[in-house]
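Participant: Provided below are the primary sequence and the corresponding predicted coordinates.
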Amino acid sequence: MIPVDPLPVCSAIRPVGMCKDATKLVCKPNLYQCPVCYCSDHDYANLAQIEAMWRGDYEKWRSVRNMYNSINTGGPTSGGTC
């Protein structure tokens with residue numbers, strides 16, 4: 001079995017100071033009822049923090065893709081079986 005990290009715990013707290021204009025903050029629930037928030041005008045107060053979060057998500061999805069590719073090509077993660 002391939003080890004998979006658990007999903008992060010849902011935070012029901014609305015972010016404060018995320019948008020330069022607080023009235024532009026939009027939060028909607030995802031499939032697990034966790035709020036997904038963004039600035040409707042895309043004018044973020046701390047762009048470096050947003051970029052760091054995006055990079056972290058990118059690295060996690062890249063790892064998933066690499067594992068998937070390894071399994072489908074019979075790589076070391078697959079253990080030689082389907």
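Facilitator: Structure's in. What do you need? Everything numeric in this text was worked out from a predicted model, so none of it was measured.

Participant: Which pLDDT value goes with residue 1?
Facilitator: Confidence at residue 1, expressed as pLDDT, is 57.

Participant: What pLDDT does the model give residue 71?
Facilitator: For residue 71, the pLDDT comes out at 88.

Participant: What is the helix or strand in which it is found packed up against?
Facilitator: Take DSSP states H and E as the rule and residue 71 turns out to sit in helix 47-72. Helix 47-72 sits against no helix or strand, with contacts defined as 3 or more Cβ pairs under 8 Å, 6 or more residues apart in numbering; DSSP states H and E. From N, CA and C alone the C-beta is placed, and that goes for glycine too.

Participant: quick one: contacts for the residue positioned nearest the centre of the chain?
Facilitator: For the chain, the residue sitting closest to the mean C-alpha position, by Cα atoms, centre = their mean, is residue 57 at 4.2 Å. With contact set as Cβ atoms under 8 Å, 6 or more residues apart in numbering, residue 57 has no partners.

Participant: which regions of this protein sit below the pLDDT cut-off?
Facilitator: 1-5, 7-8, 12, 75-82 (pLDDT under 70).

Participant: how much space between residue 70 and residue 64?
Facilitator: Computed as Cβ to Cβ, to the nearest Å, the residue 70 to residue 64 distance reads 11 Å.
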